[in-house]
Every structure is written in structure tokens, then in C-alpha cells.
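> Provided below are the primary sequence and the corresponding predicted coordinates.
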Amino acid sequence: MTVQEEAAGSRRRRSRLVDLVRNMSYEVMPFKNTERDVLENVPATVPLTVTVTEAKGIDATLDLTERLVRHGYTVAPHLPARQFADDKHVADVVARLREARVRSVFVVGGDAPKPAGEFQDAYALLRAMEQVHHPFEEVGIAGYPEGHAAIPREALDRALKQKAPTATRILTQICFAADTTASWAAGIAGSGIDLPVYVGMPGPVNRQKLMRVSAGIGLGQSARFLQKQQSMVWRFLLPGGYNPTSLLRRLGAAVPKVDSNIRGLHIFTFNELGRTELWRRRLLDSVSALDDRS
């Protein structure tokens, strides 16, 4: 490799890292103090998603979404298919979100062992939403770079191809292997799925809090991923086991090596909003310095 080629590669890596940092959203959980913590720590320019807990159901998520939208945030509530009872329930939720001027949603299958009604998966819910002419400008769907513990890879790939025409973006589940995420994103792009991909990763989460939240009963998939993939536990328990900045830098290096649609990051905050926002601002300062060097 020539000096010029090496310099060009370095510039590409810096450019992709800058893009990732500047296109970041947060996932929050609808707990008692979430609204207060968002208002105290998160600028309205940061897009949010609100997850659903099995214990509280969809209404708690919709309530928080409505309040945050009134405060000026761009908010996408999670809509888990397996918690919808029937077509009327879908129509009611869509009408409620239309009234609240919500423009973004994130549609998932959901973790409920037994569906509340007729919707087994995200694709079924997406079709029902289209039948009631939903108003959403942004429709997110889930991607699984490392697969899913309960769903065969072939089924995941087939479902993604079914859902893609009804969606505008993909938010991935957590994967600690940057090369795996980049290769997966390149693979779906090569298969004709040209949706922008936002890579899901934990932020600077307090380990004890993460384990406590992840062990909770009645939480959605993003809050229980450690239970489903026990090997990940050690990344959080061992000293130096997980560093979000290190993972981000690995992503910044891996993404330019492949032809993919990765456009940004989706941060699982586990409601550690103060720590997460401080981390994001420090990253912005550091990428601004990279821009100055380019």
C-alpha cells in the first residue's frame, strides 16, 4: 500500500466515524422518572425511541411518547406486534399517534411468549398499519447481525425482505463484533435491501445498573439481551470488558471496508441519560477535531 493509499484509507475511516457520531439516536424505557431525565439531559435534536415493557404494556409507552413530543422531541414508540389484540386495537393506536402528531415508529415482533391477538410478528402488524393508512414518515424495523436465539437465520432473512418495502430504516440489535455488523449490513445491501441501517449498541452504562435492569421481569428484548446471550455478561462484569468508545472506533474502521448502508448509531441507554449525553458530547468534540485535521 502506498503512502497516498494509506492516507486515503485513514480519511475514509475518519469520515465514517464522524458520520456515525453525528447520526445518533437514544432508546429510553418508560419508567417513572424518564420524562424528567430526558428533559434534564437530552437535547431535543437527539431522536428518541421509547421501548415497551411487558409489565406496563403499550399504553405506558404511548403516554411517554406523547409527553416527549409535546416537549419538542422526535420520538418513535416501539410497537410490538404480539401485544396488539386485533385490527381495532391497531387502528386505535394509529389514530392516537396521528392525533399526537407522532411521525416515527419502530415496529417489532415483541417478546410475549403468547400473542395477545392475531399478530404473530412485525410483518403482520406492518400490513395492518398500512390497511388503516398510517401517517408515519419513518418506520423502523429490527435487524439482527448475529441472529436471534429463537429464530433461524433463514427465517430472519426472509422476514427482513418481507418487511423492508414497508419500512424506511433498520435499527440493529446489539452486536459487539464490529466486523460482523459491517458484513451483515453489506450482505443485506447486496441482497437488494437499501434501507439505511442504524447500529444498536449500549452506551456508557453502569454495569451494576445494567445487570439489575437486564435481570428484571417483564422488560422488552433490548433490556434482556444479556439473559438471552449469557456470554455477553462477562463483557460487562469483567474490568475493561466493555467500552462503547472502543466499539465505536472499531465500527468506524470496519464500515469503510464494505459497501453497506450503515448511516448512524442507535444507543441503548438503559436510562443512563446523563452519562450517555456526556459521552456523546465528548465524542462530538473529538470528531470535530478529526474534521479539522481532514
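On my side now, so go ahead.

> mind showing which ranges of this structure have poor pLDDT?
1-14, 207, 209-241, 290-294 (pLDDT under 70).

> now what about the helix or strand hosting residue 123, what contacts it?
In the assignment (DSSP states H and E), residue 123 maps to helix 122-131. Under the contact criterion C-beta atoms under 8 Å, 6 or more residues apart in numbering, helix 122-131 has outside partners 79, 81, 84, 87, 90, 94, 107-109, 118-119, 136, 139, 141-142, 159, 162-163, 166-167. (Each C-beta comes from the backbone N, C-alpha and C, glycine too.)

> Can you say which of the residues you listed are buried?
By neighbour count, with 16 or more other C-beta atoms under 10 Å, these hold 79, 81, 84, 90, 94, 107-109, 119, 136, 139, 141-142, 159, 162-163, 166-167 as buried.

> would you list every one of the strands in the stretch 151-294 of the chain?
Residue ranges of the strands in the stretch 151-294 of the chain, as given by DSSP state E, counting those that start in this stretch, are 169-172, 197-202, 262-268.

> Go through those strands and name the closest to residue 182.
Closest approach to residue 182 among those (C-beta to C-beta): strand 262-268, 6.9 Å.

> Quick one: list the elements packing against that closest one.
Of the remaining helices and strands, those touching strand 262-268 by 3 or more C-beta pairs under 8 Å, 6 or more residues apart in numbering; DSSP states H and E are helix 3-22, strand 24-28, helix 178-190, strand 197-202, helix 244-254.

> repeat that with 10 Å
Contact partners of strand 262-268 among helices and strands, from 3 or more C-beta pairs under 10 Å, 6 or more residues apart in numbering; DSSP states H and E: helix 3-22, strand 24-28, strand 48-50, strand 169-172, helix 178-190, strand 197-202, helix 244-254, helix 273-293.

> What are the phi and psi values at residue 106?
Dihedral angles phi and psi of residue 106 (degrees, to the nearest 10) take the values phi -130, psi 110.

> got it, and the one 5 residues further on?
Torsion angles at residue 111 (phi, psi; degrees, to the nearest 10) stand at phi -100, psi 0.

> same deal with the one 5 residues further on?
Note on residue 116: backbone dihedrals following degrees, to the nearest 10 are phi -70, psi -20.

> Please verify my assumption that it contacts residue 89.
Yes - Residue 116 is within contact range of residue 89, at 8.3 Å (criterion: C-beta atoms under 10 Å).

> Against residue 112, how distant is residue 121?
In this structure, residue 121 lies at 12 Å from residue 112, with C-beta to C-beta, to the nearest Å as the measure.

> Ok, residue 162 next?
When distances are taken as C-beta to C-beta, residue 162 and residue 112 turn out to be 21 Å apart.

> what's the burial count for residue 194?
When neighbours are counted by other C-beta atoms under 10 Å, residue 194 registers 10.

> what's the distance between it and residue 127?
Residue 194 is 21 Å from residue 127, where distance means C-beta to C-beta.

> Just put the strands of the stretch 151-294 of the chain in JSON lines and tack on distance to residue 280 and mean neighbour count.
Compiled in JSON lines, the strands of the stretch 151-294 of the chain are given as follows (distance: least, C-beta to C-beta, whole Å; neighbours: other C-beta atoms under 10 Å):
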{"stretch": "strand 169-172", "distance to residue 280": "17", "mean neighbour count": "23"}
{"stretch": "strand 197-202", "distance to residue 280": "12", "mean neighbour count": "25"}
{"stretch": "strand 262-268", "distance to residue 280": "8", "mean neighbour count": "24"}
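
> Is it possible to get CSV of these that adds distance to residue 284?
Supplementary listing: these in CSV, determined by distance: least, C-beta to C-beta, whole Å:
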stretch, distance to residue 284
strand 169-172, 21
strand 197-202, 17
strand 262-268, 12
